[in-house]
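Undergrad: Following is a predicted model, sequence given first.
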Amino acid sequence: MATIRKRGNSYQIRVSCGYDVTGNQVTQTMSWTPESNMTKKQIEKEVTRQAVLFEEACIKGQVVSSVKFETFAEQWFEEYAKRNLKNTSLDRMMRLRDKVYPAIGHLRLDKITARHIQNFVNKLADTPNEHTKKPLARKTIVHNLSFVSCVFDYAVKMGMISDNPCRRVNVPKGEKFERPIYTIEETQQLLKLLKEKAPLKYYAFYVLVLYSGFRRGEMLGLEWKDLNYNNNIISVRRTSNYTPEKGVYTDTTKTKRSQRSIKLPQSVMDLLKAYQGEQNAEIERLGNKWEDYDRLFTQWNGKPMNPHTAGYWLRDFCEQNNFRFCDTHSFRHLNASLLINAGIDVTSVSAALGHAQTSTTLNIYSHHFLEVQAKNSEAIATAINFTP
């Protein structure tokens, strides 16, 4: 609400514009001087109109706090991100500062436009990955934009600005990355190789991830009490993750729907039981050197395994056996593809994968569903034998 005060021959109009980064109220003022030939009634009407226009300008963000983006972003980390984000998300956001701050960190929050952010996004799209020398993945660009947008959303919520300019920014499409996965034949060959040459721990790991479709963190968060041998059911209740600051740590699942139970074939449960027997023998051999975390997949001494260990092991194993390598996450995609090709409906596939919404499943695997639909149409055409 604007306040009006007469000061000599002019009028001072004051509007509250929210709060600055330290929490102090920010006010903006303007002066308006009536023309000499205006009547008292005309002055009262016009100064009220000027106050309304000035207040609207403040609401629209034309008059806001002058804090710089980097300063406010650091405040956002302390006030919001560290209290609400998962550690993996927080770690990623903090690493993104190295690209975001040089681009817009020095600009005032109220002066940053959609054009500034669009230029930043476009430059990212034109910048090669420093390791692969290939264009940055679209997902990486989206992560950068998401960080900027989160900061602006918080500024809007705190009453510092009225609009988030990121909403008008477009991310270039870029090249569509198709994650390589094993064929059915390759999967059968790999499982045979693992059975013959791999330690039981890694054979059990990759059989389980193939049959379950669990995420890597979900696999490493599994504990023996999560297995129900009587009913052949295994449940996801937690994840095991890693950040450079915290090391390996236990966390909640990605979403509530990620907490799920699935039924597995008897052969898979028998393999896990054999692996548990081997682990129990190792526990007895190591004695007090073993640290009991009840995890299925551990380091040599029982501590939770680093999330990268299984992937690095498989890469070396494939190289030693002259076999094509696909990363651990590809087994989850293979699992989904097999379910879809078997005619399982999207709701059931989404539940098995632990997606928060079926739309996520459709977005990721839309081409698989389309292929199945095409096969269905072909089957109908063959059965009817229709010729136009």
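TA: Okay, I see it. Everything numeric in this text was worked out from a predicted model, so none of it was measured.
Undergrad: From one end of stretch 278-298 to the other, what's the distance?
TA: Using Cα to Cα, to the nearest Å, the end-to-end distance of stretch 278-298 comes to 13 Å.
Undergrad: same check, this time on stretch 297-313
TA: 13 Å.
Undergrad: buried sites along it?
TA: By neighbour count with 16 or more other Cβ atoms under 10 Å, stretch 297-313 contains the buried residues 297-298, 302, 304-305, 307, 309-311, 313. Using the backbone N, CA and C atoms, a C-beta is placed for each residue, glycine as well.
Undergrad: which two in the residues you listed are spaced the farthest apart?
TA: Greatest spatial distance in the buried residues of stretch 297-313: 302 and 311, 20.8 Å, computed using Cβ to Cβ.
Undergrad: Run a quick neighbour tally on residue 138.
TA: 17 (other Cβ atoms under 10 Å).
Undergrad: Over to residue 102?
TA: Quick note: residue 102 (other Cβ under 10 Å) scores 11 neighbours.
Undergrad: if I look at it, how far off is residue 289?
TA: According to Cβ to Cβ, to the nearest Å, residue 102 stands 48 Å off from residue 289.
Undergrad: One more: residue 171?
TA: When residue 171 is compared with residue 289 (using Cβ to Cβ), they lie 50 Å apart.
Undergrad: Neighbour count: the two, which is higher?
TA: Neighbours were counted for residue 171 and for residue 289 using other Cβ under 10 Å; residue 171 has more, 17 against 10.
Undergrad: my read: that one touches residue 136, true?
TA: No. Under the criterion of Cβ atoms under 8 Å, residue 171 makes no contact with residue 136, lying 10.9 Å away.
Undergrad: can you list residues touching both of the two?
TA: Counting by Cβ atoms under 8 Å, 6 or more residues apart in numbering, the common neighbours of residue 171 and residue 136 are residue 125.
Undergrad: ok, now which ones touch residue 126?
TA: Residues counted as contacts of residue 126 (Cβ under 8 Å, 6+ apart) are residue 135.
Undergrad: ok, how many other residues are close to residue 147?
TA: 22.
Undergrad: Residue 248 now?
TA: 16.
Undergrad: give the contact list for it.
TA: 240-242, 303-307.
Undergrad: Which single one of the residues you listed is nearest to residue 39?
TA: Using Cβ to Cβ, these come closest to residue 39 at residue 241, 71.7 Å.
Undergrad: Report the separation between the closest one and residue 147.
TA: If you go by Cβ to Cβ, the gap between residue 241 and residue 147 works out to 19 Å.
Undergrad: what do you get for residue 271?
TA: For residue 271, the distance to residue 147 - Cβ to Cβ - is 42 Å.
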